[in-house]
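**Student:** no sequence on this one, just coordinates:
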Ligand SMILES: Nc1ncnc2c1ncn2[C@@H]1O[C@H](COP(=O)(O)OP(=O)(O)OP(=O)(O)O)[C@@H](O)[C@H]1O
């Protein structure tokens, strides 16, 4: 009987871990000598939105980039620890980072369409990953991705027009369509609305809400209102540490950590 609570705790934890899409253990990131991420451990649930918040420079973007190995592209950056997606170590030498980034897509702060047509922006990824055997397959993939990104009705009659000619909000939804076109399972968003006006922001937030039925979404945001609106889980970073991770409702009403309380009350950052 005395073992009972331990056993139950273990079982509950195992069940939670099994439900995680992404699992990070003892993650450290260094830029040269600078220790930017310290011992971060987090479980990210599937088909939900997890928001990363915290003051400027606390490491949100650095940690986000660990999740699809984008830090590999930064010369002096070193990542240690363990990160798995669906139980697979994404830093295993056998993992091809290009394939990983198709499974774990990314949307950046500034919309960055290629200087090509709307159609080609979306078709580029599926083409390099060999996802369409004929033109009609590619047409279907492009249409479907634009529909999922809530952009189809606005662009279906001008797919040959340049992507850079769209409004900022449309460009950001085009970038989301580009990520979605290669059938990712996870979408990372690094302040996706910071360059958008309130109406375009509302559209992207609505889209995030719809996408979470099918994708695991991790979003970095400076806006606590945005984190509260779009996410189910929130993780608070401070000076490279993950100080608290909680259900978003609890995080913004009754956080466990004083630093979270101070940050959401606007006392620092
Ligand atoms: N390429 C780099 N080389 C050296 N240091 C870096 C590099 N990128 C980030 N850093 C440093 O690592 C720390 C974490 O930066 P990061 O951009 O991840 O923080 P952040 O929380 O996303 O900040 P912000 O909210 O301002 O975007 C900061 O001290 C930053 O100066």
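**Tutor:** Yep, that arrived. Since this is a predicted model, take the numbers as computed values, not measurements.

**Student:** where does the stretch 1-150 of the chain have low pLDDT?
**Tutor:** For the stretch 1-150 of the chain, residues meeting the criterion pLDDT under 70 lie at 1-18.

**Student:** mind redoing it with 50?
**Tutor:** Where the stretch 1-150 of the chain drops to pLDDT under 50, the residues are 1-17.

**Student:** Contact residues of it facing the ligand?
**Tutor:** Within the stretch 1-150 of the chain, the positions near the ligand by CB under 6 Å from any ligand atom are 31, 34, 36, 54, 56-62, 74. Where you see a C-beta, it was placed from the backbone N, CA and C, and this is true even at glycine.

**Student:** and with 8 Å instead?
**Tutor:** In this structure, the stretch 1-150 of the chain approaches the ligand at residues 29, 31-32, 34, 36-37, 52, 54-65, 74, 76-77, judged by CB under 8 Å from any ligand atom.

**Student:** Restricted to buried residues, select those residues in PyMOL.
**Tutor:** In PyMOL, this line selects whichever of those come out buried by 16 or more other CB atoms under 10 Å:
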select buried, resi 29+36+37+52+54+55+58+59+60+61+62+63+64+65+77
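
**Student:** Mark which of the residues of the stretch 1-150 of the chain next to the ligand are part of strands, please.
**Tutor:** Among those, the residues falling in strands (DSSP state E) are 29, 31, 34, 36-37, 52, 77.

**Student:** Can you say which two of these are spatially most distant?
**Tutor:** 34 and 52 (19.2 Å; CB to CB).

**Student:** What is the neighbour count of residue 133?
**Tutor:** As a burial measure, residue 133 scores 8 neighbours (other CB atoms under 10 Å).

**Student:** Next: residue 190.
**Tutor:** Residue 190: 20 surrounding residues under other CB under 10 Å.

**Student:** Let me see the ranges of the strands in the stretch 51-200 of the chain.
**Tutor:** Assigned by DSSP state E, counting those that start in this stretch, the strands in the stretch 51-200 of the chain fall at 77-85, 88-89, 104-107, 186-190.

**Student:** Deepest-packed of those strands, please.
**Tutor:** strand 186-190 (a mean of 24; mean count of other CB atoms under 10 Å).

**Student:** Mind listing the strands that one pairs with, and their directions?
**Tutor:** Under the criterion DSSP bridges, strand 186-190 sits next to strand 104-107 (parallel), strand 216-220 (parallel) in its sheet.

**Student:** Can you classify residue 208 by secondary structure?
**Tutor:** helix (DSSP: H, G, I helix; E, B strand; the rest coil).

**Student:** Helices of the stretch 151-269 of the chain, start to end?
**Tutor:** For the stretch 151-269 of the chain, the helices defined by DSSP state H, counting those that start in this stretch occupy 152-155, 168-180, 198-211, 224-230, 248-253, 258-264.

**Student:** same question, the stretch 1-150 of the chain
**Tutor:** So, for the stretch 1-150 of the chain - with DSSP H, counting those that start in this stretch - the helices run 4-19, 60-66, 97-103, 118-128, 135-148.

**Student:** Return the most buried member of the ones you listed.
**Tutor:** Of all these, helix 60-66 carries the top mean neighbour count, a mean of 24, counting by mean count of other CB under 10 Å.

**Student:** name the helices or strands packed onto that one?
**Tutor:** strand 22-31, strand 34-44, strand 49-53, strand 186-190, strand 216-220 (3 or more CB pairs under 8 Å, 6 or more residues apart in numbering; DSSP states H and E).
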